[in-house]
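A.B. asks: What follows is a predicted structure for the sequence shown.
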Amino acid sequence: MDLPKDLKYAKTHEWVRINGKTATLGITAFAVEQLRDLVYLDLPKIGATVKQGEPFGEIESVKAVSDLVAPMSGIVTKVNAELADHLDHLNSDPYGNGWMLEVALGDPQEAVGLLDAAAYEKHAAAEHH
């Protein structure tokens with residue numbers, strides 16, 4: 001896995017890019033690979049509150065529906081509205097064009113409980129076997 005080192009990762013396979021008091025959220029390439037053929041994405045609206053450890057949306061593949069779990073809490077300030085019509089961005093660029101939400105962080109200290117790239121790689125590898 002070639003993970004961006006500037007991101008933090010949740011054990012539920014979401015990533016977060018923190019930029020001051022805002023954060024961008026998405027799902028990892030590992031998650032996309034496990035889900036395979038993506039068919040539907042449901043994201044919250046601007047102004048919605050997301051809470052760390054709780055579902056903020058759903059992603060559906062041909063074989064399963066999975067919750068998207070917020071790696072950090074905050075208020076949604078931007079939504080990647082194009083993503084629902086271009087799920088291929090999750091396959092080709094999950095850490096760039098495949099971003100899902102931008103949130104105004106409620107508590108930046110929540111990042112302390114997240115994994116760095118090396119720890120997430122170990123977690124994903126253990127789960128894969």
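C.D. replies: That came in fine, so what should we check first?
A.B. asks: so how far is residue 17 from residue 7?
C.D. replies: 5 Å (C-beta to C-beta, to the nearest Å). In short, each C-beta sits where N, CA and C put it, glycine included.
A.B. asks: tell me, what's touching these two both at once?
C.D. replies: residue 95 (C-beta atoms under 8 Å, 6 or more residues apart in numbering).
A.B. asks: Show me which of those two is the more surrounded one.
C.D. replies: residue 7 (22 against 16; other C-beta atoms under 10 Å).
A.B. asks: Run a quick check on the more buried one versus residue 117, I expect a contact.
C.D. replies: Yes: taking C-beta atoms under 8 Å as the definition, residue 7 is a contact partner of residue 117 at 6.9 Å.
A.B. asks: Contacts for the helix or strand containing residue 103 next, please.
C.D. replies: Following DSSP states H and E, one finds residue 103 within strand 101-105. For strand 101-105, the external contacting residues (C-beta under 8 Å, 6+ apart) are 18, 21-25, 43-44, 50, 56, 72-80.
A.B. asks: which among those residues end up buried?
C.D. replies: Among the contacts of strand 101-105, the ones that count as buried by 16 or more other C-beta atoms under 10 Å are 18, 23-25, 43-44, 50, 56, 72-74, 76, 79-80.
A.B. asks: wait, which of the residues you listed is closest to residue 33?
C.D. replies: When these are compared for distance to residue 33 (C-beta to C-beta), residue 25 comes out closest, at 18.5 Å.
A.B. asks: just checking, the closest one touches residue 70?
C.D. replies: Yes: counting by C-beta under 8 Å, residue 25 does reach residue 70; the two are 7.0 Å apart.
A.B. asks: Alright, that wraps it up for me.
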